[in-house]
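Student: The amino acid sequence is not available; the structure is as follows:
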């Protein structure tokens, strides 16, 4: 990305702030990850999003992705032990990874009414964590692979694009991200071309998005759904977006909505779901680039100030509930957001880390 033109003193100040932030985080990562360690019922090590929280699988992946971004490995396990543990979460028959480790499996949500509506989020992020360690899932995700071309189109048509585009985009993200290891490691995943054919023809040429505006939250669901959908498809497979200029118009319209982005507002999901699409669209066009860069530069310095020593960052820094407390999820997401912001504004050279796993920028399988 081209660096935005800002006064030299402001550019120097931001560059210095980024370097100082980078040095602080790198120094604190090992102790920070130990802070989020817990124990299994058999006194083994595990990870939680926040101390005292249920023992879910996602924090294991967040810990790996945070560490690998800095060229490190969480010290609870050696690399072979990490690989064995993460691979061990996968069901060899369905390819599915549950939400919680076996000790807290009772907390898993009920099974989906149909296999095609299984929540594959943990399945895809475990594969990303494994790739950060130089490995991958041990088995194909047959649960997703069994959705053939006809059932795929039927499912895509049935998703709630009008009133639930965030969830619809999330389904596409997870489905494509399970076809990805199937294709890369097992020679499967041939449905991906049918998926792109549907997506290319169903993007709205007026908005560049797949969802529709809603009275209650306007562009929130379509934009956040756009992030999830495009992250797992166009970004991951290195394919061009159908309507990047119109998408930027809609994203910037949403980014100006004070309900979500006024001073003191903007949790990790909502900010990431603006910044990543901006980055992705600007890879194809310079349309309104200066406006997008200014929106980022207005926020980046304040985000850097939110780091809490030894704890990281909260998912919702202004929240008053547990989301307002630092955790592994918030830390991983904000580190990725900061790096994306630096890339879009031309300041990435001042950061030594590179997001790994779910938020890596290079296409995984072009």
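Tutor: Done, it's in. Only a predicted model underlies this, so the values are computations on that prediction, with no experimental measurement involved.

Student: At which residues are the strands of this structure located?
Tutor: 37-39, 45-47, 313-314, 326-327 (DSSP state E).

Student: So for residue 234, which of the ones you listed sits nearest?
Tutor: Closest of the strands of the chain to residue 234 is strand 313-314, at 27.6 Å (criterion: Cβ to Cβ). Where you see a C-beta, it was placed from the backbone N, CA and C, and this is true even at glycine.

Student: on contacts alone, who are the packing partners of that closest one?
Tutor: For strand 313-314, the packing partners by 3 or more Cβ pairs under 8 Å, 6 or more residues apart in numbering; DSSP states H and E come out as strand 326-327, helix 328-345.

Student: Can you tell me which of these is nearest to residue 362?
Tutor: Distances from residue 362 to each of the helices and strands packed on strand 313-314 were compared by Cβ to Cβ, and the smallest falls on helix 328-345, at 11.5 Å.

Student: Please convert the strands of the chain to JSON lines, extending it with distance to residue 73.
Tutor: Listed next are the strands of the chain as JSON lines, based on distance: least, Cβ to Cβ, whole Å:
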{"stretch": "strand 37-39", "distance to residue 73": "14"}
{"stretch": "strand 45-47", "distance to residue 73": "13"}
{"stretch": "strand 313-314", "distance to residue 73": "21"}
{"stretch": "strand 326-327", "distance to residue 73": "20"}
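
Student: any chance of those strands in JSON lines, with mean pLDDT and mean neighbour count too?
Tutor: What follows is those, written out as JSON lines (pLDDT from 0 to 100; neighbours: other Cβ atoms under 10 Å):
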{"stretch": "strand 37-39", "mean pLDDT": "97", "mean neighbour count": "15"}
{"stretch": "strand 45-47", "mean pLDDT": "98", "mean neighbour count": "20"}
{"stretch": "strand 313-314", "mean pLDDT": "98", "mean neighbour count": "24"}
{"stretch": "strand 326-327", "mean pLDDT": "98", "mean neighbour count": "24"}
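
Student: Going by neighbour count, list what's buried in stretch 235-251.
Tutor: Applying a neighbour-count criterion of 16 or more other Cβ atoms under 10 Å, the buried positions in stretch 235-251 are 235-237, 239, 241-244, 246-251.

Student: and stretch 161-175, how far out from the chain's middle?
Tutor: Centroid separation between stretch 161-175 and its chain, computed with Cα atoms, centre = their mean, to the nearest Å, is 14 Å.

Student: OK, contacts around the closest residue to residue 31 other than its chain neighbours?
Tutor: For residue 31, the nearest residue in space outside its immediate sequence neighbours is residue 310; the separation is 6.0 Å by Cβ to Cβ, 6 or more residues apart in numbering. When contacts are counted by Cβ atoms under 8 Å, 6 or more residues apart in numbering, residue 310 is found next to 28, 31-32, 35.

Student: Residue 230 is in contact with residue 241, isn't it?
Tutor: Yes - in this structure, residue 230 sits in contact with residue 241. The criterion is Cβ atoms under 8 Å, and the distance is 6.7 Å.

Student: Give me the common contacts of these two.
Tutor: In the contact map built from Cβ under 8 Å, 6+ apart, the residues linked to both residue 230 and residue 241 are residue 280.

Student: Quick one: low-confidence residue ranges for the protein.
Tutor: Filtered on pLDDT under 70, the chain yields the residue ranges 1-5.

Student: give me the number of residues near residue 364?
Tutor: Counted with other Cβ atoms under 10 Å, the burial measure for residue 364 works out to 17 neighbours.

Student: Report the separation between it and residue 349.
Tutor: Here residue 364 is placed at a distance of 24 Å from residue 349 (Cβ to Cβ, to the nearest Å).

Student: Would you mind measuring from residue 83 to residue 120?
Tutor: 20 Å.

Student: er, residue 273 actually
Tutor: The span separating residue 273 from residue 120 equals 19 Å under the rule Cβ to Cβ.

Student: Show me the two of the contacts of residue 310 that sit farthest apart.
Tutor: Across those (Cβ to Cβ), the longest gap, 9.6 Å, separates 28 and 35.

Student: Return the angle between stretch directions for the longest helix along the chain and helix 328-345.
Tutor: Taking DSSP state H as the assignment, the helix of the chain that covers the most residues is helix 8-35. Compare the direction of helix 8-35 with that of helix 328-345 by axes from the mean of the first three to the mean of the last three Cα atoms, to 10 degrees and you get 160 degrees.

Student: buried residues in helix 8-35?
Tutor: Using 16+ other Cβ under 10 Å as the test for burial, helix 8-35 gives 11, 14, 17-18, 21-22, 25-26, 28-29, 32-33.

Student: which residues sit in contact with residue 282?
Tutor: Counting by Cβ under 8 Å, 6+ apart, residue 282 makes contact with 1, 248, 289, 292, 344.

Student: ok, and the closest non-adjacent residue to the second one?
Tutor: In space, and not counting its chain neighbours, residue 248 is closest to residue 281: 4.9 Å by Cβ to Cβ, 6+ apart.

Student: okay but the one you found is in contact with residue 241, surely?
Tutor: Yes - Residue 281 sits in contact with residue 241 when judged by Cβ under 8 Å, with a separation of 6.4 Å.

Student: intersection of neighbour lists for these two?
Tutor: In contact with both residue 281 and residue 241: 208, 247, using Cβ under 8 Å, 6+ apart.

Student: returning to what we had before: greatest separation within the contacts of residue 282: which pair is it?
Tutor: Comparing all pairs in the contacts of residue 282 by Cβ to Cβ, the longest separation belongs to 1 and 248, at 13.8 Å.
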